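Q: A structural model of the following input is requested.
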Amino acid sequence: MKKPIIKNYTTDIPAEKTINEIHQLLAENGASGVMTEYTNTGRVKDIFFKIKHGDRDLPFRLPAKPAEVYQALYKGKPGDYTGSAYYDARMEKSQNIAWRICKTWLEAQLTLVNLQQAKIQEVFLPYLVMPNNQTLYEDMEKKQFLLPTGE
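A: So this is what the prediction gives:
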């Protein structure tokens, strides 16, 4: 089996610093508001932001998935090691990597926008928050990506 490519896996940059950089990038590139959501353990779960579209604010949610990074790095689910002497350090490392990956992705998307190769709403569309508080992607996934038939 091919080893997965994990960008930024050597980062020592704390998640908090990266999250502040993400807030700054969003503010500098058209976000009219940025908000952070936390887990019950005090870790950042998602970054919400708004982008103007005409006279409307479109809400978006940018998630990081440190549990998936943890699983890829340490070959197990985070819950498998709860209570381990290494768990907290490994989870913090996974959080740092997950947010750094999000920042790298965000920079690439904003480059496309700034070069007028895509619109900002276009690159963030999967992360558009729907009335049910799910992202468009999550909503479509739940519906097995079936599109309305137009009837």
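
Q: just list what the one helix or strand Lys45 maps to packs against, helices and strands only.
A: Assigned by DSSP states H and E, Lys45 belongs to strand 44-53. Here strand 44-53 touches helix 15-28, strand 31-38, strand 56-63, helix 120-124, going by 3 or more CB pairs under 8 Å, 6 or more residues apart in numbering; DSSP states H and E. C-beta coordinates here come from the backbone N, C-alpha and C atoms, glycine included.

Q: just the buried residues of the helix or strand encompassing Asp88, please?
A: Assigned by DSSP H and E, Asp88 falls within helix 87-114. Buried residues in helix 87-114, counted by 16 or more other CB atoms under 10 Å: 87, 90-91, 93-103, 106, 109-110, 113.

Q: what helices or strands is that helix leaning on?
A: helix 15-28, strand 56-63, helix 66-74, helix 120-124.

Q: spit out the contact partners of the residue nearest to Leu73 when sequence neighbours are not counted.
A: In space, and not counting its chain neighbours, Leu73 is closest to Ser94: 6.4 Å by CB to CB, 6 or more residues apart in numbering. Shown in contact with Ser94 (CB atoms under 8 Å, 6 or more residues apart in numbering): 66-67, 69-70, 73, 78.

Q: separation between Ser94 and Val113?
A: Distance of Ser94 to Val113, given as CB to CB, to the nearest Å: 29 Å.

Q: so Leu136 makes contact with Pro126?
A: Yes - using CB atoms under 8 Å, Leu136 is in contact with Pro126, at 5.8 Å.

Q: against Ile47, how distant is Glu21?
A: 11 Å.

Q: of those two, which one has the most company?
A: Ile47 (23 against 16; other CB atoms under 10 Å).
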